[in-house]
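Undergrad: Mind folding the following:
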Amino acid sequence: MRLQQLRYVVALADERHFTRAAQRLHVSQPSLSTQVRILEEELGAALFDRTRGDVALTAAGEAFLPWARQALADLEAGRADVRELAGRRRGRLSLGATPSLTTGLLPPVLARLHERYPGIELALHEAGSPDLALQVAAGLIDLALVILPTDVAGVHTEPLAEEELVVAVPPDHPFAGQGRLPVAALEGVPLVVFREGYDLRTRTYALCQSAGFAPALALEGGEMDGVLAMVAAGLGPTVVPVSALRPDLPLVGVRFAGDAPTRTVGLAERSERQRPAAAVAFVEELTDTLVDGWPGGPLAGLRVL
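TA: Now for the predicted structure:
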């Protein structure tokens, strides 16, 4: 029994006419007839009644047809799996992320991805969430990790996790020994804040304003790595997500009192566009990392949505 014969049987069952089935398969009618007859002889039963050019399934044909369709479907599924695996092994992924996510969440995800699929070529673009969403819409990057909400036409966003915002300080800072810190405790304390366009800068200002004061500034305008280095050097506290506090940093995160402020991390991609195989692999590793946690275990203050 040959796969080609199964295709002939399915086409003939659909078309109920030898000429139309042959045209659909781009083969000659005699070839189709011959192969179907050979299969029938092998099975020991006629699959079709042939009357004046029209074709009808016999009882044996009705019983055999679902098996033929399933065999062809399984073959196609196997081919798709092989193509997808090959794509993951040799694919390319253009990925965007905000600087805070590049510092905290992304490294363990990309490490897992590279370990499993070392042939995937990665290109990383750092920018703020609005800029990343625009790059996704323009087709410049495949996927982007952004802070929600962000609303750009032609871009679909999916919430992934909610992470708590904390006050980052050196271990010897007076705040470090406190269990929970009221936002009002930041009044008059010079802070290190991020540059314009950073969602963390906006959230810091909003937190302070909700408590009735404007933040005092020790330093403004930095990127994530620079801000964390300045905090570690003692210039002042800063507000960051828990995922930014890597184990190798000489910093501790002090939680806020009351309802802890949070932010929502999401995935942005072009609407109605099928994910490339490399992007599928990345999302799988991202989801596993969020669920399993970092090398030290699940990250306190991060909730998978």
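Undergrad: contacts and neighbour counts: CA atoms only from here.
TA: Fine.
Undergrad: How are the strands of the stretch 151-300 of the chain distributed by residue range?
TA: 155-169, 180-181, 191-194, 217-222, 238-241, 252-256, 262-270 (DSSP state E, counting those that start in this stretch).
Undergrad: Phe256: neighbour count?
TA: When neighbours are counted by other C-alpha atoms under 10 Å, Phe256 registers 19.
Undergrad: So it is in contact with Val183, correct?
TA: Yes - Phe256 lies in contact with Val183 (C-alpha atoms under 8 Å); the separation is 6.7 Å.
Undergrad: Helices of the stretch 51-200 of the chain, start to end?
TA: 59-90, 99-103, 106-116, 129-137, 199-210 (DSSP state H, counting those that start in this stretch).
Undergrad: Run through who's touching the third one.
TA: Okay, so that is helix 106-116. Helix 106-116 is contacted from outside by Ile120, Ala281, Phe282, Glu285, Leu286, Thr289, Trp294, using C-alpha atoms under 8 Å, 6 or more residues apart in numbering.
Undergrad: could I get the residues you listed as CSV with neighbour count?
TA: What follows is the contacts of helix 106-116, written out as CSV (neighbours: other C-alpha atoms under 10 Å):
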residue, neighbour count
Ile120, 21
Ala281, 22
Phe282, 23
Glu285, 20
Leu286, 20
Thr289, 21
Trp294, 17
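Undergrad: Which one of the residues you listed is nearest to Gly177?
TA: Trp294 (24.9 Å; C-alpha to C-alpha).
Undergrad: Just the pLDDT for the closest one.
TA: What the model reports for Trp294 is a pLDDT of 63.
Undergrad: and of the strands of the stretch 151-300 of the chain, who's closest to Ala138?
TA: Across the strands of the stretch 151-300 of the chain, closest to Ala138 is strand 262-270 (C-alpha to C-alpha), at 8.5 Å.
Undergrad: Now do the closest one and helix 199-210, the angle between them.
TA: Interaxial angle, strand 262-270 versus helix 199-210 (axes from the mean of the first three to the mean of the last three C-alpha atoms, to 10 degrees): 140 degrees.
Undergrad: quick check, distance from strand 262-270 to the centre of its chain.
TA: Chain-centre distance of strand 262-270: 10 Å, with C-alpha atoms, centre = their mean, to the nearest Å.
Undergrad: just the angle between it and strand 155-169, please?
TA: Going by the same axes, to 10 degrees, strand 262-270 makes 150 degrees with strand 155-169.
Undergrad: list the helices and strands strand 262-270 packs on?
TA: helix 129-137, strand 143-148, strand 155-169 (3 or more C-alpha pairs under 8 Å, 6 or more residues apart in numbering; DSSP states H and E).
Undergrad: so which of the ones you listed is the most packed in?
TA: Among those, strand 143-148 has the highest mean neighbour count (mean count of other C-alpha atoms under 10 Å), at a mean of 26.
Undergrad: could I have that strand exported to PDB, CA atoms only?
TA: Output in PDB follows, covering the C-alpha atoms of strand 143-148 (Å, rounded to 0.1, in the frame of the first residue of the first chain):
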ATOM      1  CA  LEU A 143       7.700  39.900  19.300                       C
ATOM      2  CA  ALA A 144       8.100  42.400  22.100                       C
ATOM      3  CA  LEU A 145       8.000  42.200  25.900                       C
ATOM      4  CA  VAL A 146       6.200  45.300  27.000                       C
ATOM      5  CA  ILE A 147       4.500  46.900  29.900                       C
ATOM      6  CA  LEU A 148       0.700  47.000  29.500                       C
END
